[in-house]
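# could you look at this predicted model? Sequence included:
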Amino acid sequence: MRCNISIFRPISTKYLFTTKKIALVSVINDLVTDNRVNRNCTALVESGYDVLLTGRALPNSLQIPINWPFKAHRMKLLFKKGPAFYLFFNVRLFWFLLFKKADLLFANDLDTLLPNYLVSKIKGIPLIYDSHELFCEVPELQKTPFKRKIWMRLENWIVPQLKNCITVNQSIAGIFEKQYAIKFVAVRNISEAPKQFVPKLKAELGLPLDKHMVLLQGAGINVDRGAEELIDAMTYIDNAVLYIVGGGDVWPVLQSKIEAKQLKDKVILINKIPKSELLHYTFNADLGLSIDKDNNPNYHFSLPNKIFDYLQAGVPILASRLPEIENVINTYGTGDFITNHEPASIAVKIKEMLLPQNQARYRLNMQKANEALNWNAEKIKLMEVIARVKN
């Protein structure tokens, strides 16, 4: 039976005798597939902290990697979603943080901020807040005004009082700075380039050898991310197979659509897998997709992890024309854009980008993009925030 609790050495022993400062990092997900959070933890370790990352346990939680340079703890909760889940999670997290020794708290996103803020005030220790998105503008909250009002009140109360804040790009940083009159440092979601990585062959992964591979990856494939229309677009395409790797709210909808349209040979769903396994699929792709709909501020200003993962793998990108994504693709010439979310239109653009001459042109520009867009350069900004707090 798989255990959802860390298999590392007992936490209490290590943290009782350590001479290093201790950072407690909180996130509401199940830890393994959140690459931004994992990079934050590694940066804290490199800054001299002993790090304990805390999230939640789910029935399908992936095994915690044994090579992480930090500790991890998963909380088992009675509820999986809804108001009861958020209430129970925040209460559990508050008591967990309150009775753990810590020199720094690091809250990821608004749904972990309240307990971190309260404990930072009670214990008089610094707090770093990382907002991964415009939380109050996500489609799920836009459709439930009462819930959105609660989260907005929480954000309006706490964020103006914070001193150390980061977020995922300059557009969102500017919005927060204008709204709350405090500084947000933009640290983009650029993964560390894989070292000495040799991707598996298509045959080893069970990928078709006579067709192109089109890839949509992501841990948050939710409503209005374009996945449904992408599946419909595959009815117009015969020389490619679409792989959707990850998970999200619309996963059951995608499964039903594939079944109803009899597309099992054209569309393959793969549930969340560790980044080390996902890389093999990314490096084998002929086209990477990021086609969120421009129908809410959060998506409009997004700059997903997958954009940089595709670049590092040398995979041309087909994306929605959103400002932060458009800036990256146009600056380096590494892809193109859909004009709308009509399945037939998406299919035309996919076919065009899979043409050999276009593949060669996009891939030629990847080296320049990766020389400029790398985690070593991006990490400097995060390390400066950590150093300011530590000193």
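Now that the structure is in, tell me what you want to look at. Please read these numbers as outputs of a predicted model, since none were measured by experiment.
# burial check on Pro65, number of neighbours?
Here the number of neighbours of Pro65 (other Cβ atoms under 10 Å) works out to 14. For the C-beta atoms, the positions are set from N, CA and C on the backbone; glycine is no exception.
# now swap in Leu287 and tell me
25.
# what of Arg36?
Counted with other Cβ under 10 Å, residues neighbouring Arg36 total 19.
# Ala387: neighbour count?
11.
# give me the mean pLDDT for stretch 205-222.
Stretch 205-222 carries an average pLDDT of 93.
# tell me the buried residues in it?
Of the residues in stretch 205-222, 207, 211-222 count as buried by neighbour count, 16 or more other Cβ atoms under 10 Å.
# mind putting the residues you listed in CSV, secondary structure included?
Converted to CSV, those look like this (DSSP: H, G, I helix; E, B strand; the rest coil):
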residue, secondary structure
Leu207, coil
Lys211, coil
His212, strand
Met213, strand
Val214, strand
Leu215, strand
Leu216, strand
Gln217, strand
Gly218, strand
Ala219, coil
Gly220, coil
Ile221, coil
Asn222, coil
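# out of those, which is nearest to Leu242?
Ranked by distance to Leu242 (Cβ to Cβ), the buried residues of stretch 205-222 are led by Val214 at 4.8 Å.
# show me the contacts for that closest one.
Ala240, Val241, Leu242, Tyr243, Ala285, Asp286, Leu287, Leu289, Ile350, Leu354 (Cβ atoms under 8 Å, 6 or more residues apart in numbering).
# so in that sheet, which strands flank the lengthiest strand in the chain, and in what orientation?
For the chain, the strand that runs over the most residues, judged by DSSP state E, is strand 49-57. Using DSSP bridges, the strands paired with strand 49-57 are strand 21-26 (parallel), strand 71-76 (parallel).
# hmm, back to that, separate out the buried members of the contacts of Val214.
For the contacts of Val214, buried by 16+ other Cβ under 10 Å: Ala240, Val241, Leu242, Tyr243, Ala285, Asp286, Leu287, Leu289, Ile350, Leu354.
# pull the most distant pair out of those.
Maximum distance among the buried ones among the contacts of Val214 (Cβ to Cβ): 14.3 Å, for Tyr243 and Leu354.
# show me where pLDDT drops low in the stretch 1-150 of the chain?
Scanning the stretch 1-150 of the chain with the threshold set as pLDDT under 70 gives 1-18.
# out of the strands paired with strand 49-57, which is the most enclosed?
strand 21-26 (a mean of 24; mean count of other Cβ atoms under 10 Å).
# after that strand, next one along is what?
helix 35-46 (DSSP states H and E).
# kindly export that following helix (C-alpha atoms) in CSV.
C-alpha atoms of helix 35-46 as CSV (Å, rounded to 0.1, in the frame of the first residue of the first chain):
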residue,chain,number,x,y,z
ASN,A,35,7.2,22.9,-10.0
ARG,A,36,7.2,26.5,-9.0
VAL,A,37,6.8,25.6,-5.3
ASN,A,38,9.6,23.1,-5.6
ARG,A,39,11.9,25.7,-7.2
ASN,A,40,11.1,28.1,-4.3
CYS,A,41,11.9,25.4,-1.8
THR,A,42,15.2,24.6,-3.5
ALA,A,43,16.1,28.3,-3.5
LEU,A,44,15.5,28.5,0.2
VAL,A,45,17.8,25.5,0.7
GLU,A,46,20.5,27.2,-1.4
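# helices or strands up against it?
Counting contacts by 3 or more Cβ pairs under 8 Å, 6 or more residues apart in numbering; DSSP states H and E, helix 35-46 is packed against strand 21-26, strand 49-57, strand 104-108, helix 375-390.
# thinking again about what came up before, and which of the buried residues of stretch 205-222 is nearest to Phe135?
Nearest to Phe135 among the buried residues of stretch 205-222, with distances taken as Cβ to Cβ, is Gly220, at 12.4 Å.
# quick one: that closest one from His132, how far?
10 Å (Cβ to Cβ, to the nearest Å).
# around Glu137, count how many other residues there are.
18.
# check the gap between it and Leu162 for me.
Counting by Cβ to Cβ, the gap from Glu137 to Leu162 is 19 Å.
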